[in-house]
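> Turn this into a structure:
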Amino acid sequence: MSAAYKSIIREHRLSQKLIPIYTVSPDLELTCTRVADYIGERFIGKEGPLVAEMITSALAGYKRTKRTGDPHIAFMQGLFADAQALYARRYVARRGGKLAVWCPMTEAIPEFEQRHPDYVFEMADERCPDHITQRTAAFQLAARVLHGEHFRRYFEEYDVAHCFDHSEVVES
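Presented below is the predicted three-dimensional model:
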């Protein structure tokens, strides 16, 4: 388990809610850890850290279908549903007059932060110029955090992203 993931679940009191889920499906913990490692703790979603919002959404999906469907698939759908938020705002590093902007999906956000150690990081209310759909954003993030069998199982076999919008450009 990574430091970023541990910090997120501790700060947002998600640990007790996740333990029963991870007991049944341990691969979901690995997925959440990899998402947290890719996005980091500082990228802000609607109200707080995006990773915390994604995990909370995953928990809601799991609870919604716990008795009536496939809760592990609903968990993954909830986790990746807000991936387009990575394109809705810009993550920037500033130092004096210098500015560096994180380009979505080219590198993990913690790697971007390590390349700019003396900079101040902030969110800019500017949409990424790329046009991307909810489904494409989910696939982009999944391709970077899921490896081999996990990607194949959830995004090919179970088609986690089938319910995500793929027809229109997702706006912030």
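> How about the contacts made by Asp82?
Asp82 sits next to 45, 50, 53-54, 57 when contact means C-beta atoms under 8 Å, 6 or more residues apart in numbering. Using the backbone N, CA and C atoms, a C-beta is placed for each residue, glycine as well.
> Ok, Ala161 next?
Contact analysis of Ala161 by C-beta under 8 Å, 6+ apart lists 77, 80, 135, 138-139, 142, 155.
> Against His166, how distant is the closest residue to Ala124 other than its chain neighbours?
Nearest in space to Ala124, with sequence neighbours left out and distances taken as C-beta to C-beta, 6 or more residues apart in numbering, is Arg90 at 4.2 Å. Separation of Arg90 from His166 (C-beta to C-beta, to the nearest Å): 24 Å.
> Check Ala88 too.
Ala88 is 17 Å from His166, by C-beta to C-beta.
> unless I'm mixing things up, Thr136 is touching His166, no?
Yes: counting by C-beta atoms under 8 Å, Thr136 touches His166, with 7.0 Å between them.
> quick one on the thing from earlier: looking at the contacts of Ala161, which has the most residues close by?
Phe80 (29 neighbours; other C-beta atoms under 10 Å).
> Not counting sequence-adjacent ones, nearest residue to it?
Take Phe80 and drop its neighbours on the chain: the residue closest to it by C-beta to C-beta, 6+ apart is Ala138, 4.0 Å away.
> For the one you found, pull up the helix or strand it's in.
For Ala138, the host element (DSSP states H and E) is helix 134-145.
> Could you list every helix and strand in contact with that helix?
With contacts taken as 3 or more C-beta pairs under 8 Å, 6 or more residues apart in numbering; DSSP states H and E, helix 134-145 sits against helix 26-39, helix 71-80, helix 85-88.
> re earlier: and the residue nearest to Ala124, how many neighbours does it have?
Around Arg90 sit 18 other residues, with neighbours defined as other C-beta under 10 Å.
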